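Next input, structure requested:
(one chain, ligands or ions: 1)
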Amino acid sequence: MNRECPVDIGPLAESYHLGLLSPEQAAALEEHYLGCPRCTAEIERAETYVRAMRAAGRRIRTQERRDFTTAHSA
Ligand SMILES: [Zn+2]
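Numbering: from 1, shown residues only. Here you go, the predicted structure:
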């Protein structure tokens, strides 16, 4: 259905992995990127980024930036 690449796939991909997209948005994104090598690569890049960010979040949880993890924990 949606053959055009999202204008800015990067932030969308990050939101997707963070669970910030609505079910409809996530479904539309999946429908597109599964048939689009460029966006698949971007989704994978974002997954790596989000995973690293979550790992960093766990590391600093006991340190000074408690507000960060509070604001970002689901
Ligand atoms: Zn695409």
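
can you tell if the helix or strand encompassing residue 25 touches the ion?
Element membership for residue 25, per DSSP states H and E: helix 23-33. No: Helix 23-33 stays clear of the ion (C-beta under 5 Å from the ion), getting no nearer than 5.6 Å. For glycine as for every other residue, the C-beta is placed from the backbone atoms N, C-alpha and C.

Could you give me the buried positions within that helix?
28, 29, 32, 33 (16 or more other C-beta atoms under 10 Å).

now these in a markdown table, with pLDDT?
Output for those, formatted as a markdown table (pLDDT from 0 to 100):
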| residue | pLDDT |
| --- | --- |
| 28 | 93 |
| 29 | 94 |
| 32 | 93 |
| 33 | 93 |
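
which one of these is nearest residue 18?
residue 29 (12.7 Å; C-beta to C-beta).

Against residue 8, how distant is the closest residue to that closest one other than its chain neighbours?
Counting by C-beta to C-beta, 6 or more residues apart in numbering, residue 16 is the residue found nearest to residue 29 once chain neighbours are left out, at 5.6 Å. Separation of residue 16 from residue 8 (C-beta to C-beta, to the nearest Å) stands at 13 Å.
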